[in-house]
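> what's the 3D shape of this:
(2 chains)
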Amino acid sequence: MYSGASNFVEGVDKAFMLIMGISIFFLIGITTVMIIFLFKYSRKKNKKPSTNDGSIKLEIIWTAIPLVLVMLMFYYGWVGYAPMRKVPDDAMLVKVTGKMWQWIFEYENGKTSPDLVIPLNKPVRLDLYSPDVNHSLFIPAFRVKEDVVPGYDNYLWFTPYYIGDYEILCAEYCGLMHSYMTAKAKVVSQEEFDVWLADFTPIEKESEHPGLLIINANACTACHSLDGTRLVGSSFKDLWGAKKIVLVKDNEKEITVDEQYIKKSIYDPDAEVVQGFNKGLMRSYTGVISEEDANKIVEYLKTLKK
Amino acid sequence: MSGLTQEHAQPSYLDQQGKYKGLLGWIFSTDHKRIALLYLYTIVVFFLVAVVFGLLMRIELFFPGQDIMSPQTYNAMFTVHGVIMIFIIVIPGLSAVFGNFFLPILIGAKDVAFPRLNLLSWWIFLFGAILAVLSQFAGSGAPDTGWTFYVPYSAESDSNVVIALTAAFVLGFSSILTGLNFIVTIHRMRAPGMTWFRMPLFPWSLYATAWIQVLATPIVGITLLMVIAERTLHIGFFDPALGGDPILFQHLFWIYSHPAVYVMILPAMGVVTEIFPTFSQKPVFGYTAIAISSLAIAGVGYFVWGHHMFTSGMSYSARWFFSFLTFIVAVPSAIKVFNWLSTMYKGSIDLKPPLLYAISFIFLFMIGGLTGLVLGSLATNVQVHDTAFVVAHFHYIIFGGMGFGFFAGMHYWFPKMYGRMYNIKLANIAWGILFTGFNFLYFPQFVIGMQGMPRRYFDYLPQFQVGHFISSIGAFILVTGIILMIYNLIRSAHKGEVAPANPWRGSTLEWQISSPPPLENFDEIPVITGKPYQYNTDDLGNE
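Take a look at the predicted model:
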């Protein structure tokens, strides 16, 4: 397992050790006794079974001892957990949006990032928001997990102890691409973090198409590949000018993918869905992607045609 | 053999001719034994379907990336696997099959209290089961919400959720009616002299189970109806987009579905409690403690549902309080294990297949129960909640517990049910393969779960490859064992050696009537004069 990547690892792993230790002791003990009995009291060796049918003393003993042990386990679990709910006042705030099927991390200065970049040894508070269905933010190395529930102000916090990259996973089933809803927690030095936080230039190179920048900023590629791979939605490759059968209120209709169709798909995605794909998976981008940006996307799609 | 085979006035229930002949004589029979077999055959068919789904998932997970199916198919696969396994097999399983068959016999009755209601329960069950399978094929695609139907996803998913919800709703009625029938049967139909504390322990466990079925099932029924209303009429109960509360759904769902785990496991505990004394030829140790602990599990089991929701955003005080109660409910299970163990102490143990299954039940149930402590503890729950660790844990409890309990019961009562004996050597071999495959399949999932492998993942990170690979190999071994076991039983039902009335030297009432039992079980209702599990062992030395 991991060694102390966050302030919670010690408490959680102590509880693990205690519970697993006691469990393994009883598992091996009881199993061994059971096997010994099978041999020692086999019918071949013992033709005169005892008629003893109970003992109040023993019942009390094996009620009391497990009771004490489980209370001990409860206590360790509680002690390891309680600090997870008490966020220090000086924690750095990051707003996390989990939506089908990507994570977005937004910092107090307005910077957003697909990965969680955080400074070493500084407490971080993650406020968790979902615009669609339940998700769960899980960073195994830090021993933290909290569900991201629409309408709920859930949070979690931790202090990272080592520089490095750690997996962020979605732990609550959220539909088709659930297992691909991942990101990285990048723990960096304070200096490196300050530079990163102040840098607002897009990660993409200048030479990239303005349409692609908009596509990336809205994570369209989570469902629409650029290389022809079939994901949840049609691939953008060779889409422009293609003839497709779409379903309009359950009636089939042949259309050519043109500017009008692409814009309709951005602003009213369920109106005309290409046959073989599902309705209801894409939300409308009205008010998110401007008319001007939609034009850039159209221009970019033209470049993806052979 | 000490069996007191009686000559009965009536033909056996298998040969009996009623109003109808052939298949109709079965599907319209109100005989509790025939209804039990109807359930058994229905359950076996659906079990095999769900096993195939499980195997296909394990094949997909052999290697990372897409292998044999798309993510949409995979998501539908684990949903329908869960719905069939939970609602059609493990919740009704033991009560409907062995409860129906042996409850009346064990308490010295001719049938359950309401035989026609009993038949209606099976018809409802069949209807619900067909709906569940239909949801896989009909309409807009197989449901992809997981068997837990968490809102908002289940309110928004385009797939066939309404049919799957209706199926679960309908199956719930079958469960409630069976529970009601058993409660009345146990209260009103016990033979003269059979006081509560002279009743065998399998009926005790059925009694505790029946109360959960009657009291808890309506809650999930209403909850599922609310989701249907949400989807069709857009009434905002749970979906925040409509002004509802998604956590409320989780509360309502688990208020039923946690006690439902005890509906699954309590009868299995009851079955092995019958087996240990018989194969040790020694009275059960701590009769009262075992009976009371069943009731305690059923009672406290109502108040621990919140441990499924430690990371959901529930209040902090609810989190620690549910954790506390969860640890309390572990104690009665521990009491049972110690009593089973003590029943074998200084017994005269005959290691036949039923006992083999019963002791592996203890082993697997212990692993399931002890890992349940890891899940019940707050600090460790945060790490393993919603990971493969949970998947391993509940398969150890449900398959290792309920499943092996069912197999134990099947091998224990088979000669009574069919009047024929199975091939014991083959049964032992099948057990060995099954037990090995089981541990290969599920144990690695504990390890990868602790390392952070989430559940319901179509694809996974390369560090989990080894665990998944071993697990998938285990699935093939397990399925081989299941096929061999079923082959042995089916073959023996037709061609096995004719079994005596009491092949295992059992002392409870079912062993004192012929195999298979006559239509109304007893020519004369027996009068009970003492405690159960008293063995005459004078002739053990002569065997």
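
> any idea how far residue B:480 lies from residue B:409?
Distance of residue B:480 to residue B:409, computed by Cβ to Cβ, to the nearest Å: 22 Å. Backbone N, C-alpha and C define where each C-beta goes, glycine included.

> neighbour count winner among these two?
Between residue B:480 and residue B:409, counted using other Cβ atoms under 10 Å in any protein chain shown, the more crowded position is residue B:409 (27 against 15).

> ok, and does the helix or strand containing that one reach over to chain A?
Using DSSP states H and E, residue B:409 sits within helix B:404-418. No: using Cβ under 8 Å from any Cβ of the partner chain, helix B:404-418 never reaches chain A; the gap is at least 14.4 Å.

> residue 199 - how many residues pack around it?
Answering for chain A, as no chain was given. 10.

> right idea, wrong chain: chain B
23.

> what score does residue 201 have for pLDDT?
You didn't say which chain, so I picked chain A. The score at residue A:201 is 73. That number is its pLDDT.

> not quite, I wanted chain B
The model's pLDDT for residue B:201 equals 95.

> what does the stretch 401-543 of chain B have sitting close to chain A?
B:450-452, B:454-461, B:531, B:533, B:535, B:537, B:540-541, B:543.

> pull out the buried members of these.
For these, a burial check counting by 16 or more other Cβ atoms under 10 Å in any protein chain shown picks out B:450-452, B:454-461, B:531, B:533, B:535, B:537, B:540.

> nearest to chain A among those residues?
Closest to chain A out of those is residue B:452 (2.7 Å), distances taken as Cβ to the nearest Cβ.

> so residue B:284, which state does it fall into?
Of the three states, residue B:284 takes coil according to DSSP: H, G, I helix; E, B strand; the rest coil.

> residue contacts, the closest residue to residue A:285 other than its chain neighbours?
The shortest distance from residue A:285 to any non-neighbouring residue, by Cβ to Cβ, 6 or more residues apart in numbering or on different chains, is to residue A:266 (4.9 Å). Residues near residue A:266 by Cβ atoms under 8 Å, 6 or more residues apart in numbering or on different chains: A:284-285, A:289, A:294, A:297.

> now the buried members of those residues.
Using 16+ other Cβ under 10 Å as the burial test, these include A:285, A:289, A:294, A:297 as buried.

> check what pLDDT the second one gets.
According to the predicted model, the pLDDT of residue A:289 comes to 85.

> over to it: give its phi and psi.
Per-residue torsions, residue A:289: phi -110, psi 120 (degrees, to the nearest 10).

> element containing the closest residue to it other than its chain neighbours?
Distances taken as Cβ to Cβ, 6+ apart place residue A:266 nearest to residue A:289, at 5.9 Å, with adjacent residues excluded. In this structure, residue A:266 sits in helix A:259-267 according to DSSP H and E.

> with residue B:488 instead?
Here residue B:488 is assigned to helix B:465-495, by DSSP H and E.

> now that helix against helix B:404-418, angle please.
Here the directions of helix B:465-495 and helix B:404-418 differ by 10 degrees (axes from the mean of the first three to the mean of the last three Cα atoms, to 10 degrees).

> and helix B:465-495, what's buried?
Residues of helix B:465-495 classed as buried: B:467-468, B:470-475, B:477-479, B:481-482, B:484-485, B:488-489, B:492 (neighbour count, 16+ other Cβ under 10 Å).

> average pLDDT for that helix, rounded please.
96.

> again with stretch A:89-97
Per-residue pLDDT over stretch A:89-97 has a mean of 95.

> ok, now stretch B:433-451?
Across stretch B:433-451, the average pLDDT comes to 96.

> show me the contact partners of the host helix or strand of residue A:98.
In this structure, residue A:98 sits in strand A:92-99 according to DSSP H and E. Contacting residues not belonging to strand A:92-99 are listed as A:103-108, A:116, A:118-119, A:122-132, A:135, A:137, A:148, A:170, A:174, A:181 [Cβ under 8 Å, 6+ apart].

> how about the helices in the stretch 251-400 of chain B?
Along the stretch 251-400 of chain B, the stretches classed as helices by DSSP state H, counting those that start in this stretch are B:287-300, B:316-344, B:353-376, B:378-384, B:388-397.
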